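> below is the sequence, then the predicted model.
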Amino acid sequence: LMLLYFDNFDLAMNMIHIAIIIINAFGWIFEKTRRISVLLILLTIFCWTILGFFFGLGYCPLTKIHADYLYNNHQYLLPFSYIDYIFITNFELGLSTKFLSLCSIIVIFLSLYISNLKLNTLTNKMSFLIILNIITWSLIIVFNELGSTSNFNNLNIFFGIAFSFLLIKEVIIKNIKIKV
């Protein structure tokens, strides 16, 4: 079992990352954390897709900053996925990257669904887009590698990014109560 941190900056980055993961996965449980959960989930999906188009699917700027720091200061290579770092590297669980990525996809989209259900902002359109996102992102994970660059000739990637964009728009509209 590896140490969870090298120094104070690394520890802080780990704590921030773990807090975001916990809020993304379980923020819907408590009424006071539901809105922040929805916001963090949308930010996560935005990074995975919209920023991921430019920097690699599943991109996380926090992981990138953390990885650059660890490499520059400790010559340590952080995996592209922080979830891989926690479960495969630190806890030495015999899980595959694809399995952990599929679990992440299911958890984040189900959390978004439950948060909006409990906030009374869930619409049929949002539910449908969540289902489409789970399907397309699962296909992306199965047939591509996280971090791969976007290719609009790949229909899974094209629809994954398009459905994610539409879902983000729908959730923002319903949670900010914008009339369109």
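Good, I have the coordinates.
> in what helix or strand does the residue nearest the centre of the chain lie?
Closest residue to the average C-alpha location of the chain: residue 44 at 4.4 Å, with CA atoms, centre = their mean. With secondary structure defined by DSSP states H and E, residue 44 is part of helix 34-46.
> and the contacts of that helix?
Residues outside helix 34-46 that contact it (CB atoms under 8 Å, 6 or more residues apart in numbering): 20, 23-24, 26-28, 60, 108, 111-112, 115-116, 118-119, 133, 164, 167-168, 171-172, 175. For glycine as for every other residue, the C-beta is placed from the backbone atoms N, C-alpha and C.
> what about residue 32, distance to residue 118?
To residue 118, residue 32 is 12 Å away according to CB to CB, to the nearest Å.
> give the closest residue to residue 49 in space, chain neighbours not counted.
Among residues not flanking residue 49 along the chain, residue 164 sits closest, at 4.0 Å (CB to CB, 6 or more residues apart in numbering).
> give me the number of residues near residue 136?
Neighbours of residue 136 under the rule other CB atoms under 10 Å: 21.
> correction: the previous question concerned residue 158.
Neighbour tally, residue 158, other CB under 10 Å: 14.
> torsion angles phi and psi at the nearest residue to residue 122 once chain neighbours are set aside?
The shortest distance from residue 122 to any non-neighbouring residue, by CB to CB, 6+ apart, is to residue 116 (4.1 Å). Residue 116 adopts backbone torsions of phi -70, psi -30, taken as degrees, to the nearest 10.
> count of neighbours near residue 116?
Residue neighbour count, defined by other CB under 10 Å, stands at 24 for residue 116.
> what sits against it?
By CB under 8 Å, 6+ apart, the contact list for residue 116 reads 38, 122, 126, 171, 174-175.
> which residues in the protein form helices?
8-26, 34-46, 52-55, 61-74, 82-84, 97-118, 124-143, 155-176 (DSSP state H).
> pick the most deeply packed of these.
Of all the helices of the chain, helix 82-84 has the most neighbours on average by mean count of other CB atoms under 10 Å, namely a mean of 21.
> and that helix, what other elements does it pack with?
Packing partners of helix 82-84 (3 or more CB pairs under 8 Å, 6 or more residues apart in numbering; DSSP states H and E): helix 8-26, helix 61-74, helix 97-118.
> mind checking those helices for the one nearest to residue 141?
helix 97-118 (4.6 Å; CB to CB).
> just how off-centre is the closest one within its chain?
Counting by CA atoms, centre = their mean, to the nearest Å, helix 97-118 is centred 8 Å from the centre of its parent chain.
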